[in-house]
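Trainee: One predicted model, sequence on top.
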Amino acid sequence: MNKEDIIASVSKQMPERRWIHTQGVMVTSRYLAEKYGEDPERAELAAIIHDVAKYWPVEEQRQYIVKHQLNCELLDYNKELWHAEIGSHVAWAQYGIEDQGIRDAIRYHTSGRAGMSLIEKIVWLADYIEPGRDFPGVEEARRLAEQSLDTAILYGLNATITILIERNRIIYPGTVTARNSLILTI
Ligand SMILES: Nc1ncnc2c1ncn2[C@@H]1O[C@H](COP(=O)(O)OP(=O)(O)O)[C@@H](O)[C@H]1O
């Protein structure tokens, strides 16, 4: 499927405000790709698709993960994590994206993972700092993004983990290992 058709399909699966967010992630992914030496087209394509399943009914998300034998471990954790796993599969099954790097950037855009690739880092960070984001700390994350992808992502992961702890929520361990792995490489 070409880019225009993918955009038409993705945008109709979410409310207007989420499509505006996605456009922010697209622009920011292109910007970070150019700055840090990734192919902007690949980064933008991952950004277009990253939230495709975000507004699917939760039960539909659960069934998709089971039916397609995706990572069922996620079903024991925050349902906010499920859409990323599904989006990666949809990219391949419905949009014909064979590029594993693009699919992994979609797959890990919420949780992160240890040893993230360049495109995974770019989409994770673009999702965190796109221009529509407005939360305490986003300006600092944007400032750090100008200096180092790793430092900016570590800042974001620390903030995410801190919020989950404050709310007494279960933390998906992949995010903790993503954080640990960044600390070891910085
Ligand atoms: N390791 C984790 N364990 C549990 N929840 C997580 C983890 N990482 C992120 N989340 C949650 O996922 C949500 C963010 O998902 P995201 O796809 O970025 O949504 P949004 O684009 O609406 O911010 C937040 O509610 C965050 O607390």
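Mentor: Now that the structure is in, tell me what you want to look at.

Trainee: hmm, who's touching stretch 7-21?
Mentor: Residues outside stretch 7-21 that contact it (Cβ atoms under 8 Å, 6 or more residues apart in numbering) are 1, 22, 48-49, 51-56, 94-95, 130, 132. C-betas here are computed from N, CA, C, even on glycine.

Trainee: Among those, which ones are in helices?
Mentor: In helices, defined here by DSSP state H, the members of the contacts of stretch 7-21 are Thr22, Ile48, Ile49.

Trainee: Give me the distance between the second one and the ligand.
Mentor: Noted for Ile48: a distance of 14 Å to the ligand, by Cβ to the nearest ligand atom, to the nearest Å.

Trainee: So for the protein, the centremost residue is which one?
Mentor: In the chain, the residue lying closest to the centroid (Cα atoms, centre = their mean) is His109, at 1.9 Å.

Trainee: tell me which element that one falls in.
Mentor: For His109, there is no host helix or strand (DSSP states H and E).

Trainee: before we move on, the earlier item: filter the contacts of stretch 7-21 down to the buried ones.
Mentor: Among those, those buried by neighbour count (16 or more other Cβ atoms under 10 Å) are Thr22, Ile48, Ile49, Asp51, Val52, Ala53, Lys54, Trp56, Tyr95, Glu130.

Trainee: Closest one of the residues you listed to Tyr36?
Mentor: If you rank the buried ones among the contacts of stretch 7-21 by distance to Tyr36 using Cβ to Cβ, Glu130 comes first, at 16.0 Å.

Trainee: residues contacting that closest one?
Mentor: Listed by Cβ under 8 Å, 6+ apart, the contact partners of Glu130 are His21, Gly24, Val25, Val27, Thr28.

Trainee: any idea how far the residue lying closest to Gly132 once chain neighbours are set aside lies from Tyr31?
Mentor: Of all residues not flanking Gly132 in the chain, Gly24 sits nearest, at 4.6 Å (Cβ to Cβ, 6 or more residues apart in numbering). Between Gly24 and Tyr31 the distance is 11 Å, computed by Cβ to Cβ, to the nearest Å.

Trainee: Fine, thanks again, bye for now.
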